[in-house]
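In: Here is my input; please provide its structure:
(chains A and B)
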Amino acid sequence: MELAYSILVQPFADMVGAPDFLIQVVWEGLVSGVLYALIALGFVLIYKSSRIFNFAQGIMVVFAALTLVGLHERGVPALLALPLTLLVMLALAVAIERVVLRPLVNQPDIILFMATIGITLFLVGFGELIFGGENKRMITSELGIPTGSFEFEPFGGFVSIEQGDVTTVVGAIVLVVALLAFLNRSKMGRAIRALGDDHQAALSVGISLSTIWVLVWFIAGVIALATGIVWGARAGVSFALEVIAYKALPVLMLGGLESVTGAIVGGLMIGILEKLFEIYWGQPLLGGNTEAWFAYMLALLVLLFRPQGLFGEKIIERV
Amino acid sequence: MRALYKATLLSAVLAAAPLALPGAAQAEDSVVLPNLSYRTGPFAATGIPLMNGQRDYIAMINARDGGLNGVKLDYQECETGYDTAKGVECYEKLKSSSAVTQPWSTGITLQVLPKTNVDKIPLLAPGYGFSAMQDGKTFQWAYNPPASYWDGADMILKNISGGNLDSLKGKKIVLLHLDAPYGKEPIPLLENLGQKHGFTVVPIPVGVKEMQNQSAQWLQIRREKPDFVLMWGWGAMNAGAITEAVKTKYPMDQFVGIWWSGFDGDLKLVGDQGKGYRSISWSYPNSEAPVMKDIKKYVVDAGQSLINQAEGEFDSVFYQRGAMISMILVEGLRVAQDHFNTKVVSADQLRWGLENMKLDDARLKALGAEGMLPPFATTCADHTGHSGAWMLQWNGTKFEKSSDLLQADRGEIDGLVEKAAKDYAAANQPWPASECKM
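Out: Below you'll find the model as predicted:
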């Protein structure tokens, strides 16, 4: 009876008893969710256009952030380092297409997946060689990202919202809207979607596979840079950022590997729900650190009823 | 694919090449000193300065003295990425030529510990590993000088309580810890002391994937309203926690870390906002000490070091602690050389050396490290030595000593060590015991 009370009643009583704290929890969950969605978007874009599950997305976040900070350390002004980093990510996209993807056209998916593991190993060694493995400070203020916080006192309590987090949420929304507009309205965007739908048909109408692959890997690089800036602002830029890519896996399971909308909705759902579960159920009842597995449990639950994920395409194969 | 393979191979070779010391090829007149290091992965930022310090001390001995009494010290690194499985692989790969195992993670230590009785290679884990390794009668091949985590926890409590643990009665202490064997290590002692002195301990784990986004953990800290937060963090967890503490405006003078949570690089990320944060430490950096001047002269200025001079790594707590760790190891070798009247020390002889070290004030002065390491001595029965430690405090730009040398109370710790050692031996039967009559 006591257990049932602590599961079914106490958490909700706590939420009602301290609404300011609940607002803070939901806000922190929303910020985390936006960050998860950003990482997941990088995976989705590449999968949509090439059917490659890009294992290197995590290290691309590290590499982009390290390039930005590394250029600044070498005396390049922050606002110049930003476009230069984008150029480096473009060069990386071209190199990956030429050296890795092009020779592997028509190979089984697993070969391409293994190739992205190779890219990961290469970028780890190459990144360390150039930038070192030390933790570096993200150049947040130099990029004009505000610091400090907005503080409110709703319901007689206290809520603190970091200006940097607000910038993250707004920046992510702008990025996603721009991406959706690009995918849905531009010729190139439609070409990416066409490739995602049917490779052979897209090639037969003259869509260049090489150009599209460079483009999507570059966009994934841009997303990696945005992700690296906002995550790096939290605890510095180091190879530890690579592990955050794993946070995107349950988002992909939940939202579907091919759906941009799924990545966004899945990221936000997981961000908010895992935070609520951790604070109101996980820490009081299970000793905490439920964020390590909660998202996977949620994704598995969804997969039981919708194997293609919330927004994934239902594939019907005739035998 | 071939091009990618070549590039990957080249990158791996280039990254690994500088890690072995130049001119220290394995030979009959050398002693192999492997280090299960991590210069890559999520814990690299804190691993690199420590490994650099270890490497440079050995390089200095080779360059300045031509080795240890004419014997070249062959320092070799095997990259683990702080991954326990890779660490065990490294151990198996290197054990045939090793004089010592330096596991560099509590997880790897716990995996290798049962093998030490069979392979007969001493395991040296300065300031880390399983605290019960203090008991030399049970753990004949394992050493954790100069202080264990339980020593560290006791000294932190002593410092925050003003020397009287009873003054913590009714208070709440959060232990923010990495969700790994290392982070869980102080929990039994803290809980025992909490029961005895009437304070509450609330452990809050941080998973590896959550190290950089600890908002849930700090929301709980906000809800719990603890009187103190103790941190057993490592790698990116330290920087993540300190950033969140600043963000949530937790009073920095109530936030105290173990020695592995006192890295200059982490605090530099928050600068002035981290002012007041404390970390217990059994080492204290002094770039003007003769030993550090020699490292600078023979290794750094000679272009043989891997440190990042632009970031002030040479002056950092972790780099100089790495140097002290190698100094402890070399002292063990020296003691063994003298005792066995030999030059090339075997693993078995090094074991004797490690449990007969006497690093008193005079010896530390002779080594040029006076004030950098508290004096301590090991014995067959006591593999820790219990040097004590200083409390360091971040002043906005660097760590400074904020206490005299603190000492842990042995009563509670020794009882817990005895019980933990007995439990460990019982769970790993047959486990040999020593009477310490060597």
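In: State the phi and psi torsions of the residue in the stretch 301-438 of chain B positioned nearest to chain A.
Out: As assessed by Cβ to the nearest Cβ, chain A sits closest to B:Asn308 within the stretch 301-438 of chain B, at 5.9 Å. No exception for glycine: its C-beta is placed from N, CA and C like everyone else's. Torsion angles at B:Asn308 (phi, psi; degrees, to the nearest 10) stand at phi -100, psi 100.
In: The residue nearest to B:Gly385 when sequence neighbours are not counted bridge partners, please.
Out: Residue nearest to B:Gly385 in three dimensions, not counting chain neighbours: B:Phe376, with 3.5 Å by Cβ to Cβ, 6 or more residues apart in numbering or on different chains. Counting by DSSP bridges, B:Phe376 is bridged to B:Leu359.
In: B:Phe376 against B:Asp382, yeah?
Out: No: contact between B:Phe376 and B:Asp382 fails when scored by Cβ atoms under 8 Å: they sit 9.6 Å apart.
In: Local confidence estimate at A:Pro77?
Out: We note a pLDDT of 94 for A:Pro77 in this prediction.
In: so what's it up against?
Out: Applying Cβ atoms under 8 Å, 6 or more residues apart in numbering or on different chains, we find A:Pro77 in contact with A:Glu142.
In: re earlier: ok, now how distant is the residue nearest to B:Gly385 from B:Ala147?
Out: Separation of B:Phe376 from B:Ala147 (Cβ to Cβ, to the nearest Å) stands at 8 Å.
In: Looking at the two, which is more packed in?
Out: B:Ala147 (29 against 21; other Cβ atoms under 10 Å in any protein chain shown).
In: any idea where the strands of the stretch 201-350 of chain B begin and end?
Out: B:228-232, B:255-257, B:278-281 (DSSP state E, counting those that start in this stretch).
In: Any part of the shortest one near chain A?
Out: Right, strand B:255-257. No: Strand B:255-257 does not reach chain A (Cβ under 8 Å from any Cβ of the partner chain); its nearest approach is 14.9 Å.
In: So which elements touch that strand?
Out: helix B:149-160, strand B:228-232, helix B:236-247, strand B:278-281 (3 or more Cβ pairs under 8 Å, 6 or more residues apart in numbering or on different chains; DSSP states H and E).
In: Give me the below-cutoff pLDDT ranges for chain B.
Out: B:1-28, B:437-438 (pLDDT under 70).
In: So for it, which residue is the most central one in space?
Out: Note on chain B: the residue nearest the mean C-alpha position is B:Gly127, at 4.2 Å, using Cα atoms, centre = their mean.
In: tell me, what residue is most central in chain A?
Out: In chain A, the C-alpha nearest the mean C-alpha coordinate belongs to A:Ile39, at 0.9 Å (Cα atoms, centre = their mean).
In: how close does that one sit to chain B?
Out: A:Ile39 sits 12 Å away from chain B, going by Cβ to the nearest Cβ, to the nearest Å.
In: Quick one: name the residues of the stretch 201-319 of chain A near chain B.
Out: A:231, A:234-236, A:238-244, A:246-247, A:275, A:278-279, A:283, A:287-289, A:291-292.
In: Just the buried residues of these.
Out: In these, burial by neighbour count holds for A:231, A:234-236, A:238-244, A:247, A:275, A:278-279, A:283, A:288-289, A:291-292, counting by 16 or more other Cβ atoms under 10 Å in any protein chain shown.
In: So which residues of the stretch 151-300 of chain A form strands?
Out: Assigned by DSSP E, counting those that start in this stretch, the strands in the stretch 151-300 of chain A fall at A:159-162.
In: any low-confidence regions in it?
Out: In the stretch 151-300 of chain A (pLDDT under 70), no residue qualifies.
In: for B:Ala347, what are its contacts?
Out: B:Ala347 makes contact with B:Ser98, B:Ala99, B:Val100, B:Lys120, B:Ile121, B:Pro122 under the criterion Cβ under 8 Å, 6+ apart.
In: Okay, it and B:Trp141: tell me how far apart.
Out: 9 Å.
In: who touches both of those two?
Out: Jointly contacting B:Ala347 and B:Trp141 under the rule Cβ under 8 Å, 6+ apart are B:Lys120, B:Ile121, B:Pro122.
In: Now the last one: closest residue in space, sequence neighbours ignored.
Out: In this structure, B:Pro122 finds its nearest non-sequential neighbour in B:Arg351, 4.4 Å apart by Cβ to Cβ, 6+ apart.
In: go on, the second one?
Out: Once its chain neighbours are removed from consideration, B:Ile121 has its nearest residue in B:Ala347; the separation is 4.6 Å (Cβ to Cβ, 6+ apart).
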